[in-house]
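Colleague: could you work out the structure for the sequence below:
(2 chains)
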2 protein chains.
Amino acid sequence: MSVDAAAQLVSLQDIRRAAERIGDLALRTPVVELPHPDRPDDVLHCKAESLQPTGAFKIRGASNAILQVLETTRENGVVAQSSGNHARAVAWLAHRLGLRAVIVMPDVAPAPKIAAVRALGAEVELVPAAQRDTRARELAADRGGVHVPPYDDLRVIAGQGTVGLELLEQVADVDVVLVPVSGGGLISGVSTAVKAISPDTRVVGVEPELAADAAESLRRGSRVTWTPEQTYRTVADGLRTTSLGVHTWEHVQRYVDDIVTVSEEQMLAAMRHLALGGRLVAEPSGAAAVAAWMHDLVPAGARVAAGSGAAAGSRVAAGSGAAAGPWVAAVVSGGSVDPALLASVLERGE
Amino acid sequence: MSVDAAAQLVSLQDIRRAAERIGDLALRTPVVELPHPDRPDDVLHCKAESLQPTGAFKIRGASNAILQVLETTRENGVVAQSSGNHARAVAWLAHRLGLRAVIVMPDVAPAPKIAAVRALGAEVELVPAAQRDTRARELAADRGGVHVPPYDDLRVIAGQGTVGLELLEQVADVDVVLVPVSGGGLISGVSTAVKAISPDTRVVGVEPELAADAAESLRRGSRVTWTPEQTYRTVADGLRTTSLGVHTWEHVQRYVDDIVTVSEEQMLAAMRHLALGGRLVAEPSGAAAVAAWMHDLVPAGARVAAGSGAAAGSRVAAGSGAAAGPWVAAVVSGGSVDPALLASVLERGE
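Modeller: Coordinates of the predicted model:
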């Protein structure tokens, strides 16, 4: 890969270092088998980031960033802006590490997410969605606090990449990895790790149809921005970011094979199936990648299961039940769900 | 420990061998942090057996039994009886290993559990609850199939013990381990492993008040049997067994410190909190041990966190947020829940 001053990319080594640095602050989440609702032998390997202490993968990137400047954060605290899961991750880390935290949240963020951040002892400032990034940087400048961006930051991307590192250790020979896309931090890190270790594995992003700026960007070959009025239509409140970042766009262009879109209905059906078939509580954003698999929106990959692979993740165990199609994994990115919404999807029939 | 011909006990070595034998057929389930609803710094370490491929710990014991007689099962198939989770585990293993399976289920078993077993290709025979064990043994005798008992079997107990083995690797210095009790296979195996490795750790069983035969047995010092009319009152359909088994009673007497009871309401509240605070779907039986912790039914253990322990599970990470009380772990044993029941508990307020 040629060196490009404008395009700073995270390396596999950055991600490996992040894994060491983060250590036990994040959970090594399990890969849970989810049988397809209509084809029981077709199994999705779900990397359950919803089980992280704060309910989402975000503590990986945030801790990788904070731990690199821990002395400064001890003096001046941390500042972050986020619609929810990143906010909660930074507040949780600050609480656990004994740091002061100010979190800027959009005034339309779901009440339970705001409450969760306050319960961790962080100061919360609510602002209109469009102003949150500016306000966070302003606060950091005023108080000298360390600003921890939600996605467009190389340390954050490297931290999120540890999801991909673990996944490839847990599921050998995976053909396709599905990753929800919002600002692109998760898919940037995961795709960097996956392509470095297993270049033939396809990495496919998943976005709501109602917030498909990244899918459009990849199709056009240039980074487009949607309006908050557009992206805030989706129930997937974790995926409403209006565009990829500068850094994440570079990673997506280089490493991501495709980005597909899912409907609102498909995400809700995936939430239901994850709860009943996988015993995992996911928020709509967290279920997006599963939705793409459930509804066959991802073109089948190239490689077919050889049947031989004595894999850590078990393409194994011969018998009649062995799956024959491509091995697909999905990141279940978060589980901070509104109880009423989860109840409503559970009450529907299949 | 004196040798006692009548009391055959599983050893730590049996459990270690079971772990090797089972290998990747069972998931190494994660330990998920669940903050107490009223005391955010008080965290329960939940061993999430609900994430096993069949939704419960049962595949550990069943696979340890089946793999020891695999040649015979290939010829004659397997037979099992169970109210649900053991049935599903045996059916799943038979499917994956290419064996024929006949499963005897009580005619009052929840419809989704029966459907799940049939979907795996097993033959299901429904009988009145009281006849199921006799009928399973009869079928095994008639057809030469290998009978896999749900709990009162040393191979099954050793397999369930791998839950304890993993837990102690994942959470160092745990003070109390809470385990749901039905026929006693899980707590027999877990307590054997825990007492062998960490004798000061207390192992406490948890039963529904409405099916508290094991608690009564331990109090009286003799194994008592309740009627199905009594035990079938509880919503916790996985904990309705009317008495401990011969083998499990021996293990419980030797290794279990106490058995406490929880109300129906307490289990439902724990289901809700596990879903929202831990992103784990549990059935009422699976939430029983969590209920005992949530409602402070377990006397605090002896040891107090030293603050030093650089544990894999992280009593670590200093800061203001470090917990000071005893370290408590609970087995979340299963997650095969009726969707309507889960929806109804989610719809309540806190």
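Colleague: what sits against residue A:56?
Modeller: Contacts for residue A:56 (Cβ atoms under 8 Å, 6 or more residues apart in numbering or on different chains) come out as A:49-50, A:85, A:88-89, A:238, A:286, A:333-336. Yep, even glycine has a C-beta here, placed from its N, CA and C like the rest.
Colleague: bridging residues for it?
Modeller: residue A:334 (DSSP bridges).
Colleague: which residues touch the residue of the stretch 151-300 of chain A found nearest chain B?
Modeller: Residue of the stretch 151-300 of chain A nearest chain B, by Cβ to the nearest Cβ: residue A:279 (3.4 Å). Neighbour list for residue A:279: A:32, B:50-51, B:55, B:280-282, B:335 [criterion: Cβ under 8 Å, 6+ apart].
Colleague: for the stretch 51-200 of chain A, which residues are neighbours of chain B?
Modeller: Residues of the stretch 51-200 of chain A found near chain B (Cβ under 8 Å from any Cβ of the partner chain) are A:51, A:53, A:55, A:95-99, A:119-121.
Colleague: which one of the residues you listed is nearest to residue B:247?
Modeller: Closest approach between these and residue B:247, by Cβ to Cβ: residue A:51, at 33.8 Å.
Colleague: and for the closest one, the neighbour number?
Modeller: 26 (other Cβ atoms under 10 Å in any protein chain shown).
Colleague: domains of chain A?
Modeller: Per automatic domain parsing, the structural domains of chain A span A:12-56+A:155-347, A:59-152.
Colleague: low-confidence bits of the stretch 201-350 of chain A, can you list those?
Modeller: Along the stretch 201-350 of chain A, the parts satisfying pLDDT under 70 run over A:300-324, A:350.
Colleague: report the angle between the lengthiest helix in chain A and helix B:264-277.
Modeller: Longest helix in chain A, counting residues (DSSP state H): helix A:264-278. For helix A:264-278 against helix B:264-277, the angle by axes from the mean of the first three to the mean of the last three Cα atoms, to 10 degrees is 130 degrees.
Colleague: convert helix A:264-278 to CSV, retaining C-alpha atoms only.
Modeller: C-alpha atoms of helix A:264-278 as CSV (Å, rounded to 0.1, in the frame of the first residue of the first chain):
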residue,chain,number,x,y,z
GLU,A,264,-37.2,-0.6,9.3
GLU,A,265,-39.4,-3.7,9.2
GLN,A,266,-36.4,-6.0,8.5
MET,A,267,-34.5,-4.6,11.5
LEU,A,268,-37.4,-5.1,13.8
ALA,A,269,-37.9,-8.7,12.6
ALA,A,270,-34.2,-9.3,13.2
MET,A,271,-34.5,-7.9,16.8
ARG,A,272,-37.3,-10.4,17.4
HIS,A,273,-35.4,-13.3,16.0
LEU,A,274,-32.2,-12.4,17.9
ALA,A,275,-34.1,-12.4,21.2
LEU,A,276,-35.9,-15.7,20.6
GLY,A,277,-33.5,-17.6,18.5
GLY,A,278,-30.2,-16.2,19.9
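Colleague: check which helices and strands it sits against.
Modeller: Helix A:264-278 sits against strand A:31-35, helix A:284-294, helix A:339-347, helix B:339-347, with contacts defined as 3 or more Cβ pairs under 8 Å, 6 or more residues apart in numbering or on different chains; DSSP states H and E.
Colleague: what angle separates that helix from helix A:339-347?
Modeller: Helix A:264-278 runs at 80 degrees relative to helix A:339-347, counting by the same axes, to 10 degrees.
Colleague: returning to that earlier point: okay, the contacts of residue A:279 in TSV with distance to residue B:147 next?
Modeller: Shown next, in TSV, are the contacts of residue A:279 (distance: Cβ to Cβ, whole Å):
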residue	distance to residue B:147
A:32	30
B:50	26
B:51	28
B:55	23
B:280	32
B:281	31
B:282	29
B:335	26
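Colleague: which two from those end up farthest apart in space?
Modeller: Using Cβ to Cβ for every pair in the contacts of residue A:279, the one that comes out farthest apart is A:32 and B:282, at 14.2 Å.
Colleague: so which of the two has more stuff around it?
Modeller: A direct count of neighbours by other Cβ under 10 Å for residue A:32 and residue B:282 places residue B:282 higher, at 32 against 27.
Colleague: quick check: phi and psi on the more buried one?
Modeller: Backbone geometry at residue B:282, expressed as degrees, to the nearest 10, gives phi -120, psi 150.
Colleague: list the contacts of it.
Modeller: With contact set as Cβ under 8 Å, 6+ apart, residue B:282 has these partners: A:279, B:50, B:270-271, B:274-275, B:290, B:332, B:334-335, B:337.
Colleague: go with 6 Å
Modeller: B:50, B:271, B:274, B:332, B:335 (Cβ atoms under 6 Å, 6 or more residues apart in numbering or on different chains).
Colleague: is the first one in a helix, a strand, or coil?
Modeller: Classification of residue B:50 into helix, strand or coil gives helix, according to DSSP: H, G, I helix; E, B strand; the rest coil.
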